[in-house]
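[1] Here's a sequence, model it:
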Amino acid sequence: MAKRYKCEYMSNNGCIGSCNKEDRLYTTDSDLCAVTASVYDGLPVRCVGQWAEQKIYLLVQYFGIFAQGMSKKWKLNYVEICSGPGRCINRSDKTEFDGTALSVIKREEFKYINKALFFDINDRVVETLNERFANSGITKAKAYVGDYMSSETICSVLRQELTTDSLNLVVIDPTDCSLPFQMIRDIKAVLPKVDFIINVAIWTDYNRNVKNTLTKPSNFSKARSKYSTFIGNDRLYDKITIGMSDLQLRERFLSEYKASFRTEGYSYFDFKIVENFYYIFFASQSDRGIDFWNKATQYEFDGQGALF
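    Next up is the predicted model:
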């Protein structure tokens with residue numbers, strides 16, 4: 001029997017709806033809507049596409065299974081980087097709902113979590129999320145300003161707040177392929193027992209630009225360097241050619257990404273496609289982790305937030 005998780009869906013008539021990328025230069029500020037606030041609590045909301053609900057569903061589904069399944073053996077922590085302010089608006093239909101951060105803390109299984117740490121580069125986002133945590137009466141969740149391009153800021157908080165004997169789930173949700181793999185290495189050095197869920201902009205960034213890096217390497221040197229930095233090694237451009245299909249290019253990219261994770265002790269991987277925009281990539285050191293992932297992903301998002 002499906003159990004519906006509550007994302008506090010509401011219609012927000014202040015949203016102008018269907019704003020394109022050019023419109024959003026004027027209607028958003030760092031992805032926060034500049035036109036309307038939340039009808040739920042009056043605080044800022046993030047403008048998102050229709051695929052965001054699928055991503056939230058998948059992450060929250062896994063979180064519940066992970067937290068309940070490992071609660072008797074481990075001290076559990078949850079870490080989210082690129083957290084957002086906690087509430088989102090789907091610009092396609094003007095529907096407002098909880099983002100990943102609020103969805104996680106409202107899950108019944110959140111009671112098994114020792115600490116939940118959230119990071120975002122935007123000061124206003126962090127202030128808003130902390131206000132929402134306070135309004136929810138949650139004391140073991142806290143948001144911090146942090147940029148994944150500078151791992152020391154984030155890792156210093158992790159060292160201060162978490163312990164090496166804990167089991168940790170780290171979710172990283174960048175909008176492009178700019179996350180340096182060194183960030184993964186640095187987190188792993190601080191938290192030896194950690195599983196990762198990472199949003200990989202495989203279509204919206206890599207597939208859109210990689211052939212230009214092959215045909216015009218001097219003009220697209222920054223993008224070329226970005227992909228190698230994201231993957232964590234320099235082998236990608238030895239293994240891809242301009243004659244490859246988009247699918248082949250994605251497969252080579254993912255293969256090298258996995259190879260870098262293997263050097264950090266990871267053996268179990270999977271990914272889910274979100275509407276031909278992203279890969280939600282999963283990496284675990286444990287067969288229990290991939291078992292939980294398989295259970296979490298066996299049911300597709302049905303548009304109503306069905307959790308089984």
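
[2] Wait, E80 touches F118, no?
    Yes. Contact criterion CB atoms under 8 Å: E80 and F118 qualify, at 4.9 Å. In this view, the C-beta of every residue, glycine as well, is placed from N, C-alpha and C.

[3] Need the residues touching each of those two.
    Shared contacts of E80 and F118, defined by CB atoms under 8 Å, 6 or more residues apart in numbering, comprise A101.

[4] quick one, what contacts the most centrally placed residue in the chain?
    In the chain, the residue lying closest to the centroid (CA atoms, centre = their mean) is D173, at 2.6 Å. For D173, the residues meeting the contact criterion (CB under 8 Å, 6+ apart) are K55, E80, I81, C82, S83, G84, T100, I198, N199.

[5] R224 versus that one, what's the distance?
    Using CB to CB, to the nearest Å, we find D173 at a distance of 24 Å from R224.

[6] what does Y278 give?
    For Y278, the distance to R224 (CB to CB) stands at 21 Å.

[7] Strands of the stretch 201-308 of the chain, start to end?
    Per DSSP state E, counting those that start in this stretch, the stretch 201-308 of the chain carries strands over the ranges 268-274, 278-284, 306-307.

[8] Mean pLDDT lowest where, among those?
    The stretch with the lowest mean pLDDT among the strands of the stretch 201-308 of the chain is strand 306-307, which comes in at a mean of 45.

[9] Extract the residue ranges of the protein that are flagged as low pLDDT.
    Flagging of the chain using pLDDT under 70 yields the residue ranges 1-6, 301-308.

[10] longest helix of it?
    Within the chain, and with DSSP state H defining each element, the longest helix by residue count is helix 52-70.

[11] follow-up on the earlier one: between all of the contacts of D173, which two are separated the most?
    The largest distance within the contacts of D173, taken as CB to CB, falls between G84 and I198 and amounts to 15.6 Å.

[12] between these two, who's got more neighbours?
    Summary of the neighbour comparison: G84 and I198, criterion other CB atoms under 10 Å, with G84 having more neighbours (26 against 23).

[13] Now do the helices in the stretch 151-300 of the chain.
    Taking DSSP state H, counting those that start in this stretch to define them, one finds helices in the stretch 151-300 of the chain at 151-161, 181-190, 208-215, 221-231, 236-239, 246-262, 287-296.

[14] Can you say which of those is nearest to M10?
    helix 287-296 (26.3 Å).

[15] The closest one - contacts with which helices or strands?
    Other elements packing on helix 287-296 under the criterion 3 or more CB pairs under 8 Å, 6 or more residues apart in numbering; DSSP states H and E are helix 52-70, strand 268-274, strand 278-284.

[16] one more time with 6 Å, if that's ok
    Contacting helix 287-296 under the criterion 3 or more CB pairs under 6 Å, 6 or more residues apart in numbering; DSSP states H and E are the following elements: helix 52-70, strand 268-274.

[17] And L247, how far from C177?
    Applying CB to CB, the value for L247 to C177 is 17 Å.

[18] Ok, E108 next?
    Between E108 and C177 the distance, using CB to CB, works out to 35 Å.

[19] These two: which is more packed in?
    Neighbour comparison, E108 and C177: the larger count goes to C177, with 21 against 11 (by other CB under 10 Å).

[20] surely the more buried one meets N207?
    No. With contacts defined as CB atoms under 6 Å, C177 does not count as touching N207, sitting 10.3 Å away.

[21] what residues are up against Y112?
    Each residue near Y112 by CB atoms under 6 Å, 6 or more residues apart in numbering is listed here: A67, S71, L76.

[22] give the contact list for the second one.
    It refers to S71. Taking CB under 6 Å, 6+ apart as the definition of contact, the neighbours of S71 are Y112.

[23] can you check the last one too?
    Contacts for L76 were tallied using CB under 6 Å, 6+ apart; they are Y112, I113, N114, L167.

[24] Which among those residues count as buried?
    With burial judged by 16 or more other CB atoms under 10 Å, the buried subset of these is Y112, I113, N114, L167.

[25] Now G146. Nearest residue, chain neighbours left out?
    With CB to CB, 6 or more residues apart in numbering as the criterion, G146 has its nearest non-adjacent residue at 3.5 Å, and that residue is F119.

[26] in a strand, that's where that neighbour is, yeah?
    Yes. Remark: F119 belongs to a strand, assigned using DSSP: H, G, I helix; E, B strand; the rest coil.

[27] How many residues are close by it?
    F119: 23 neighbours (other CB under 10 Å).

[28] you'd agree it is up against I81?
    Yes. With the criterion set as CB under 6 Å, F119 and I81 qualify as a contacting pair; they are 4.7 Å apart.

[29] any idea how far N294 is from R288?
    Distance from R288 to N294, counting by CB to CB: 11 Å.
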